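Peer 1: Sequence and predicted model, in that order:
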Amino acid sequence: MPLSHSTIDFLIIPIVFYIVVAAAQLDLGTLRRDGWLFETTREVGGVDSWYAFYTYYDWRAVQWTPIWTTLPTQFALLFFNILHPPLNVPALAISLDEDVDTDKELVAHGISNFAAGCLGTVFVLTYHTLRFYRVGGGSRLAGFMLAVATFLLLTIGTWPIAYIRALFPRFFGKPYMDCHVTAVMVVGALILVLGIDLVKEALWDTRHRVSRLEYITIISIMVTMTVWDFVIGVLFGIVVSCFFFVVQNSQRRSIRTCYTGDTAISTVRRPADHRAYIREVSNQTRIIQLQGFLFFGTISHVEETIRSLVNDVIFQARPVRFVVVDFSLVAGVDLSAAEAFVRIQRLLAAKGVVLVFCGFSRPEVGKALASVGVLEQPYVELFETLNDAMEWTENAYLRAWFRAQKKETTPIVLPGRRKVDVDFHETLVGSPRRLQLKAAGERIIASELSTDVSAEPLHTLFKVFGSFDALDHASLSALPPYFEHAAFPAGTVLWEKDDPPNGLYIIQSGVLRASYKFAEHTPIIEESMVSGTLAGELSALSGLARNARVVVERDAVLWRLSAESMKKLEEEHPHFAQQFVRLVLKAAKVDTDTLLAALATR
């Protein structure tokens, strides 16, 4: 490796120094006394061994009182050394424009500094490593050569200098004089260049790479360490960094997005009239997706946002039944933020609003909320994912409508949690929320309740396709003979992913659950299918392999149209077959759009 410009400079400085000394015939002893050369306390070339200084240590002579009085300084240095490697190892990689393995460097720092502390030598410093790299010592061979050379110098001692001095007594002065030939200006130049380089990296190189607050922090710490001392600078840096951390993070948005339930419906496949009803009444659901770390500096914005939802004037115009808080992007919650959710729960409970928590991807988030007891409070629900939470709220809206009907209706089975603790009918009589549910249900679902179709599968076919075209008994009368009745208990696997299609199904009762796995490292997507919907229609029509695993979640009664029956229908009733395929494609498009819309908001 060619020598760098800085390396040549440090080789030239001592040569020029001694040329000037020789030309002026200056006495080295005088230069040493005047501070131009380093002094030594022992005779150069003495007989003491390199390990002699270890023998001078006497435990009985140690004064422990000064050690106790310097504990604050020791703790400050300890704190700095803890922060030193994680900060400076990446900085070393940037300075060298090389890839440095942080884990290996941290282990090497720990081992070397521990050994240095036990043996009483100098600990590893970043600028030592940086200077070694910049003079060409970037390989394992260079490190090994440095270690060997250092050990040889340690064991040999200063006798080579004494030998050279004996050869040139006139040049080195009187024999009895202890004369060190290392010029102070060489080490001074090294320290000066290194200091200028480090100041340049700290002030000049970072001027466009850090924020204004971070730059002020760097300057203030440097000034404090220069004017006072290192310990005061460390303590000042800790205080200033904590202050700026709070200021910066308080300015960040803790709410990623906020929207209503009609734009983030669940992945449940429902009949068209149920879906239309849910879309209309789900504007009573507010979804707040949080992000980052929640602490006293960021939780205030969340609390103000939720308070604005139940403001008396806004609440009358846009009533709220559920507030869903998604924690899937939250890194952590401190005690003050967790206590803020207790206040939020009390505020919402007073208005009859249910607070729904979901997305606890990190266990520490759930533990923080559980520690303040908010999860056990009334009007609080907890779910694993946002989709589960939305599925539960939608089921609550549907149950509220069907329970409020005085006449007998066909019982429905809904997916997800069976128990719904919210009683809409008794708690919301005459309220804007109740009136909106009642109006939407009478306008959308009431027509289904009045449909007088007793035979199956005609009744289910009307539930599936009734919203797409004006159908009557005649248009679907040719279809029932081609469907096969099938009943399956809960837990039955209808098909696995990549299985060949065995037909399409219409669901008369019960619940099916499909599990989609699109790639190796993507989460499994769950889709529930309730009565009045289709299952396996696209793969059956296309003849392609199944793209999901489907399991019976609740005891189900199904009607299957096999590939053979579909072919027979096309031969015997081509017009009905064409109309049926068109209806299936319409239903499949709506279901696919619903699934994609739900996934887009997650």
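Peer 2: Yep, it's here.
Peer 1: which parts of stretch 213-220 are buried?
Peer 2: 215, 217-218 (16 or more other C-beta atoms under 10 Å). Heads up, the C-betas are built off the backbone N, CA and C, glycines and all.
Peer 1: Including distance to residue 243 and pLDDT, could these go into TSV?
Peer 2: Output for the buried residues of stretch 213-220, formatted as TSV (distance: C-beta to C-beta, whole Å; pLDDT from 0 to 100):
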residue	distance to residue 243	pLDDT
215	15	87
217	9	85
218	14	87
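Peer 1: Now, the residues you listed that are in strands?
Peer 2: With strands defined by DSSP state E, no entry of these lies inside them.
Peer 1: just the residues you listed now: which is nearest residue 27?
Peer 2: residue 218 (46.6 Å; C-beta to C-beta).
Peer 1: Just give the nearest non-adjacent residue to the closest one, would you?
Peer 2: residue 202 (5.9 Å; C-beta to C-beta, 6 or more residues apart in numbering).
Peer 1: which SS state does that neighbour fall under?
Peer 2: For residue 202, the assignment made with DSSP: H, G, I helix; E, B strand; the rest coil gives helix.
Peer 1: In this structure it contacts residue 221, no?
Peer 2: No: counting by C-beta atoms under 8 Å, residue 202 sits too far from residue 221 to count as a contact (9.3 Å).
Peer 1: Mind checking which of the two has more residues around it?
Peer 2: residue 221 (18 against 15; other C-beta atoms under 10 Å).
Peer 1: So for that one, what's the pLDDT?
Peer 2: pLDDT recorded at residue 221 is 88.
Peer 1: The stretch 301-450 of the chain: helices as residue ranges?
Peer 2: 312-317, 335-350, 363-371, 386-403, 424-427, 432-444, 446-449 (DSSP state H, counting those that start in this stretch).
Peer 1: Outside of the second one itself, list whatever touches it.
Peer 2: With C-beta atoms under 8 Å, 6 or more residues apart in numbering as the contact definition, helix 335-350 has outside contacts at 294-296, 298-300, 302-303, 306-307, 310, 323, 325, 354-355, 368-369, 371-374, 377-380.
Peer 1: chain center to it: distance?
Peer 2: 25 Å (C-alpha atoms, centre = their mean, to the nearest Å).
Peer 1: what's the answer for the third one, then?
Peer 2: On the basis of C-alpha atoms, centre = their mean, helix 363-371 sits 17 Å off its chain's mean C-alpha point.
Peer 1: Report the buried residues of it.
Peer 2: Per 16+ other C-beta under 10 Å, helix 363-371 contains these buried residues: 365-366, 368-369.
Peer 1: can you check the second one too?
Peer 2: Within helix 335-350, the residues that count as buried by 16+ other C-beta under 10 Å are 337-341, 344-345, 347-348.
Peer 1: and what of the longest one?
Peer 2: Of the residues in helix 386-403, 386-401 count as buried by neighbour count, 16+ other C-beta under 10 Å.
Peer 1: farthest-separated two in those?
Peer 2: Among these, 386 and 401 lie farthest apart (C-beta to C-beta), at 23.3 Å.
Peer 1: Go through the buried residues of helix 335-350 and name the one nearest residue 505.
Peer 2: Using C-beta to C-beta, the buried residues of helix 335-350 come closest to residue 505 at residue 348, 41.1 Å.
Peer 1: and the gap between the closest one and residue 374?
Peer 2: Distance, residue 348 to residue 374, using C-beta to C-beta, to the nearest Å: 11 Å.
Peer 1: Look up how far residue 264 lies from residue 326.
Peer 2: Residue 326 is 10 Å from residue 264, by C-beta to C-beta.
Peer 1: and if you look at residue 543?
Peer 2: With C-beta to C-beta as the criterion, residue 543 and residue 264 are 34 Å apart.
Peer 1: same deal with residue 52?
Peer 2: Distance from residue 52 to residue 264, by C-beta to C-beta: 77 Å.
Peer 1: Among the two, which residue is more densely surrounded?
Peer 2: Under the criterion of other C-beta under 10 Å, the comparison of residue 52 against residue 264 puts residue 264 first, with 23 against 12.
Peer 1: That one - nearest residue in space that isn't next to it in sequence?
Peer 2: Closest to residue 264 by C-beta to C-beta, 6+ apart is residue 601, at 4.1 Å.
Peer 1: Now do the contacts for that neighbour.
Peer 2: 259, 263-264.
Peer 1: What ranges does the stretch 501-602 of the chain have for its helices?
Peer 2: Using DSSP H, counting those that start in this stretch, helices in the stretch 501-602 of the chain cover 537-542, 563-572, 574-600.
Peer 1: Can you spell out which helices and strands pack onto the second one?
Peer 2: It refers to helix 563-572. Applying 3 or more C-beta pairs under 8 Å, 6 or more residues apart in numbering; DSSP states H and E, one finds that helix 563-572 contacts helix 574-600.
Peer 1: now do 10 Å
Peer 2: helix 537-542, helix 574-600 (3 or more C-beta pairs under 10 Å, 6 or more residues apart in numbering; DSSP states H and E).
Peer 1: Which among the ones you listed is found nearest to residue 246?
Peer 2: helix 574-600 (34.8 Å).
Peer 1: okay, the angle between the closest one and helix 386-403?
Peer 2: 120 degrees (axes from the mean of the first three to the mean of the last three C-alpha atoms, to 10 degrees).
Peer 1: what's the angle from helix 574-600 to helix 563-572?
Peer 2: 130 degrees.
Peer 1: Helices - which of the contacts of residue 601 land there?
Peer 2: Among the contacts of residue 601, no member is found in helices (DSSP state H).
Peer 1: picking that back up, for residue 515, state which of the buried residues of helix 335-350 is nearest.
Peer 2: So of the buried residues of helix 335-350, ranked by how close each gets to residue 515 (C-beta to C-beta), first place is residue 341, at 32.3 Å.
Peer 1: So residue 190 sits against residue 13, correct?
Peer 2: Yes: in this structure, residue 190 is within contact of residue 13 by C-beta atoms under 10 Å, at 8.9 Å.
Peer 1: Okay, now stretch 94-101: how far is its last residue from its first?
Peer 2: 12 Å (C-alpha to C-alpha, to the nearest Å).
Peer 1: so what pLDDT did the residue nearest to residue 264 get?
Peer 2: Confidence at residue 601, expressed as pLDDT, is 72.
Peer 1: What's the separation between it and residue 256?
Peer 2: 11 Å.
Peer 1: what touches both of those two?
Peer 2: Common contact partners of residue 601 and residue 256 (C-beta atoms under 10 Å, 6 or more residues apart in numbering): residue 289.
Peer 1: okay, now residue 287: neighbour count?
Peer 2: 24.
Peer 1: what residues are up against the spatially closest residue to it that is not a sequence neighbour?
Peer 2: Computed as C-beta to C-beta, 6+ apart, the closest residue to residue 287 that is not its neighbour in sequence is residue 324, at 4.6 Å. Contacts for residue 324 were tallied using C-beta under 10 Å, 6+ apart; they are 261, 264, 285-289, 354-359, 381, 383, 386, 389-390, 392-393.
Peer 1: just checking, residue 480 touches residue 456?
Peer 2: Yes: between residue 480 and residue 456 there is a contact under C-beta under 10 Å: 7.9 Å.
Peer 1: quick revisit: for PyMOL, write a command that selects the buried ones of the contacts of helix 335-350.
Peer 2: The buried subset of the contacts of helix 335-350, as determined by 16+ other C-beta under 10 Å, is captured in PyMOL by this line:
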select buried, resi 294+295+298+299+302+306+310+323+325+354+355+368+369+372+374+379+380
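Peer 1: Where does the prediction get shaky in the chain?
Peer 2: By pLDDT under 70, the weakly predicted segments of the chain are 1-7, 9-10, 39-48, 122-127, 157-182, 404-454, 469-475, 602.
Peer 1: can you give me the strands in it?
Peer 2: Assigned by DSSP E, the strands in the chain fall at 255-260, 285-294, 322-333, 354-358, 380-383, 484-488, 493-495, 504-516, 525-529, 534-535, 549-561.
Peer 1: Just tell me which of those strands ends up closest to residue 151.
Peer 2: Of all the strands of the chain, strand 322-333 comes closest under C-beta to C-beta, at 48.0 Å.
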